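Predicted model follows, preceded by the sequence.
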Amino acid sequence: MPSEQRLHPVSILFSLASLARMFLIPGLLVLIGAGSAGWGWELWAMVLLIPYSLFAVGQYLSFRYRYEDHEMVIRTGFVFRNERHIPYVRIQNLDAVQNLFHRLLGVVEVRVETGGGQETEAKLSVLPVGAFEEMRRLVFAKKGQGEALAEVTEGATPAVSAGRILLQLSPRELVLYGLIENRGFVLIAAAFGFLWEVGLGDRLMGRFFGEYELDRGFIRDLLRSAVDGGALPFDRIGLTLAAFAAFLLLIRLFSMAWALLRLYGFRLTLVEGDLRTEFGLTTRVLSTIPLRRIQTLTVRETPLHRLFGCTSVKVETAGAGGDEEDKNPQREWLAPILRRDRLPDLLETVQPGLDLAAVSWNAPHPRAFRREVKQWLLIALLLALPVAVFFRWWVLALLPVLLAWAWIGARKTVAHLGWAVAGDALLFRCGWLWRQTSVARFGKIQAVSFHESPFDRRAAMARVHVDTAGAKELGHRVDIPYLARETARELSGFLATRAAQTAFRW
């Protein structure tokens, strides 16, 4: 039997640190309360940390893993024993996370993901960096070559190519990515929530706005002026708009700082059929995705992407959802930001033979605009309703603008909607301002669905929905609407036949 290996001894410290993060604020509140109200049971409750410390030690001593010829075996527990067998061919990703303390101690946290669900299959916290490199070489070795796997297991170091760098983002490109993606709202919301909790929010608002504090009284005055026909408080409205513009600017600045910190040193490398990404300033993340295990590829463009002449590329792999603690959306970005002229080279590497510029797109049903414009008109009327209630005759000036917006939006949406079959893949694009194009190869299709709503049946239309092993609920789904019923049946039958004739490979 191959020899079993343990985690690094500092695993105990990281386990205790994880508990400390969860109970830091409650623990401080307990200590403060105990200091003011006497040494009651609240303080003695902190003694419960001692059993968890013993549990952390026991978890480290009982955790074992070993490499078999065709699988990795993980064994845990003394009293309740658990032995998990993970075949190498089922492993989708090996993610490594290193924060400042990990790098200081020369260790790494490893997450093993398979296509068996939305949670991480196994988490090894923590391993020496050398042990992780050994695991990565072994797991992603070629299938069926037992001698090579045994050679790696016994300690021999195979020749590993240094790889070819496909993309390396500079700090300037990362700042541009932060400007486009606008992820700063979460940071701003967290900061404001903290300020309000500690009682500093009102002081800051009073310092900035003084007697014009933006409270509920301002909203009441505005509504009263609109209903009674009185003069509008234009000075306070102007102050509100200025404050809102400053707030939006602050969000963009925080987003740029977040991108620079989170994705610093982003590098995409092709190594022997594997795509490896590495990024992060304080917390370094290393991720490996084999090319053959990519389920869906999506090219995304926002208005700001087009303004700066760039795009972004994302992939989905089976089992990459992860639980709430382990989610890492950045891992699936092959190119968070990419110049548009470099897109063909990257696509040729990831999906050989794919040329988006040469694709002949199929348009939706000729009556698709009539269906789409009704939805846009409904949204326009809902937006005009509160204006008609509170501002009365102002709606006469706003309504033509909303109706024109609905007509243009529906026309543009239908014009950018299309599908195509190119080589061994199905392509689907949609979106007007926020454009997305997804590519799903026939060999990755899990199921094909034919859908007809009551509105579809009335218009002799249908839609075709394609599922892959890596499809996410919030991702760009291959869901083609507004097809003629006969076209939809032919397409769904063709895709089902091709998927059945193609052997699915993880």
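Everything's here; your move.

CA only for contacts and neighbour counts going forward, please
Noted.

so where's the protein uncertain?
Within the chain, the stretches with pLDDT under 70 are 1-2, 19-50, 52, 115-119, 142-162, 184-237, 318-331, 390-391, 470-475, 503-506.

And this structure, split by domain according to the record?
11-160, 181-262, 267-364+417-501, 368-415 (automatic domain parsing).

and the helix or strand where residue 370 lies, what other elements does it pack with?
Using DSSP states H and E, the element containing residue 370 is helix 368-390. With contacts taken as 3 or more C-alpha pairs under 8 Å, 6 or more residues apart in numbering; DSSP states H and E, helix 368-390 sits against helix 216-228, helix 395-415.

can you pull the buried residues of that helix?
Neighbour counts over helix 368-390 (16 or more other C-alpha atoms under 10 Å) mark 368, 369, 371, 372, 373, 376, 377, 380, 384, 387, 390 as buried.

do stretch 242-259 as well
Neighbour counts using 16+ other C-alpha under 10 Å place 251, 252, 253, 254, 255, 256, 257, 258, 259 of stretch 242-259 among the buried residues.

Next: stretch 59-78.
Using 16+ other C-alpha under 10 Å as the test for burial, stretch 59-78 gives 59-61, 63-76.

Just give me the neighbour total for residue 490.
12 (other C-alpha atoms under 10 Å).

re the thing from before, restricted to strands, list the buried residues of stretch 59-78.
Counting by DSSP state E, the part of the buried residues of stretch 59-78 found in strands is 64, 65, 66, 67, 71, 72, 73, 74, 75, 76.

you'd agree the second one is up against residue 71?
The reference is to residue 65. No - Residue 65 lies out of contact with residue 71 (C-alpha atoms under 8 Å); the separation is 10.7 Å.

Name the helix or strand for residue 450, please.
Using DSSP H and E, residue 450 falls within strand 445-451.

Could you give me the buried positions within the helix or strand just after that strand?
Next in sequence after strand 445-451, counting helices and strands by DSSP H and E, comes helix 454-458. If you call a residue buried by 16+ other C-alpha under 10 Å, then helix 454-458 has these buried ones: residue 456.

how far does helix 454-458 sit from the chain's center?
With C-alpha atoms, centre = their mean, to the nearest Å as the basis, helix 454-458 stands 34 Å off its chain's centre.

what's the following helix or strand after it?
Following helix 454-458 in sequence order, the next helix or strand is strand 461-468 (DSSP H and E).

In its sheet, which strands sit next to that following strand, and in what direction?
According to DSSP bridges, strand 461-468 forms sheet pairs with strand 445-451 (antiparallel), strand 478-484 (antiparallel).

how far is the last one from where the chain is centred?
Think strand 478-484. Taking mean C-alpha positions (C-alpha atoms, centre = their mean), strand 478-484 and its chain are 25 Å apart.

Check the first one too.
The gap between where strand 445-451 is centred and where its chain is centred comes out at 24 Å by C-alpha atoms, centre = their mean.

give the contact list for the nearest residue to residue 456 once chain neighbours are set aside.
Spatial nearest neighbour of residue 456, chain neighbours left out: residue 462 (5.5 Å); criterion: C-alpha to C-alpha, 6 or more residues apart in numbering. Counting by C-alpha atoms under 8 Å, 6 or more residues apart in numbering, residue 462 touches 450, 451, 452, 453, 456, 481, 482, 483, 484, 485, 488.

Kindly report the same for residue 363.
By C-alpha under 8 Å, 6+ apart, the contact set of residue 363 is 415, 417, 418, 419.

Quick check: phi and psi at it.
phi -80, psi 160 (degrees, to the nearest 10).

could you check the distance from it over to residue 375?
19 Å (C-alpha to C-alpha, to the nearest Å).

correct me, but residue 421 touches residue 427?
Yes - using C-alpha under 8 Å, residue 421 is in contact with residue 427, at 6.2 Å.

Compare these two and say which one has the larger neighbour count.
Between residue 421 and residue 427, residue 427 has the larger neighbour count (other C-alpha under 10 Å), namely 22 against 19.

Reduced to three states, what does the residue nearest to that one when sequence neighbours are not counted come out as?
Nearest non-adjacent residue to residue 427, counting by C-alpha to C-alpha, 6+ apart: residue 439, 4.6 Å away. Recorded secondary structure, residue 439: strand (DSSP: H, G, I helix; E, B strand; the rest coil).

Tell me where the stretch 1-150 of the chain has helices.
11-37, 41-44, 49-62, 100-105, 129-139, 146-153 (DSSP state H, counting those that start in this stretch).

Can you get me a residue count around the residue nearest to residue 427?
Residue 439: 24 neighbours (other C-alpha under 10 Å).

For it, list each beta-bridge partner.
Residues in beta-bridge contact with residue 439 (DSSP bridges): residue 297, residue 427.

Contact partners for it?
Listed by C-alpha under 8 Å, 6+ apart, the contact partners of residue 439 are 296, 297, 298, 425, 426, 427, 428.

you'd agree the third one is up against residue 430?
No - Residue 298 sits out of contact with residue 430 when judged by C-alpha under 8 Å, with a separation of 11.3 Å.

Tell me the buried residues in the helix or strand hosting residue 179?
Secondary structure from DSSP H and E places residue 179 in helix 171-181. For helix 171-181, a neighbour-count test (16+ other C-alpha under 10 Å) marks 171, 173, 174, 175, 176, 177, 178, 179, 180, 181 as buried.

which ones are touching the second one?
Applying C-alpha under 8 Å, 6+ apart, we find residue 173 in contact with residue 337.

One more pass at 10 Å, please.
Residue 173 makes contact with 179, 259, 260, 336, 337, 338, 339 under the criterion C-alpha atoms under 10 Å, 6 or more residues apart in numbering.

Can I get stretch 289-297 as PDB, trimmed to CA atoms?
Extracted in PDB, the C-alpha atoms of stretch 289-297 (Å, rounded to 0.1, in the frame of the first residue of the first chain):
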ATOM      1  CA  ILE A 289      -8.400  23.700 -15.400                       C
ATOM      2  CA  PRO A 290      -7.700  21.000 -18.000                       C
ATOM      3  CA  LEU A 291      -8.700  22.200 -21.500                       C
ATOM      4  CA  ARG A 292     -10.700  19.000 -22.100                       C
ATOM      5  CA  ARG A 293     -12.900  19.700 -19.100                       C
ATOM      6  CA  ILE A 294     -14.200  23.000 -20.100                       C
ATOM      7  CA  GLN A 295     -17.900  22.800 -20.500                       C
ATOM      8  CA  THR A 296     -18.900  26.200 -21.800                       C
ATOM      9  CA  LEU A 297     -17.000  29.300 -22.900                       C
END
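
Count the neighbours of residue 18 for me.
Each residue near residue 18 was counted by other C-alpha under 10 Å, and the total is 10.

And it, how far from residue 76?
19 Å.

cool, residue 259 as well?
As judged by C-alpha to C-alpha, residue 259 and residue 76 stand 38 Å apart.

Check which helices and strands the host helix or strand of residue 261 sits against.
Assessed by DSSP H and E, residue 261 sits inside helix 234-262. Secondary-structure packing of helix 234-262 (3 or more C-alpha pairs under 10 Å, 6 or more residues apart in numbering; DSSP states H and E): helix 171-181, helix 184-197, helix 201-209, helix 216-228.
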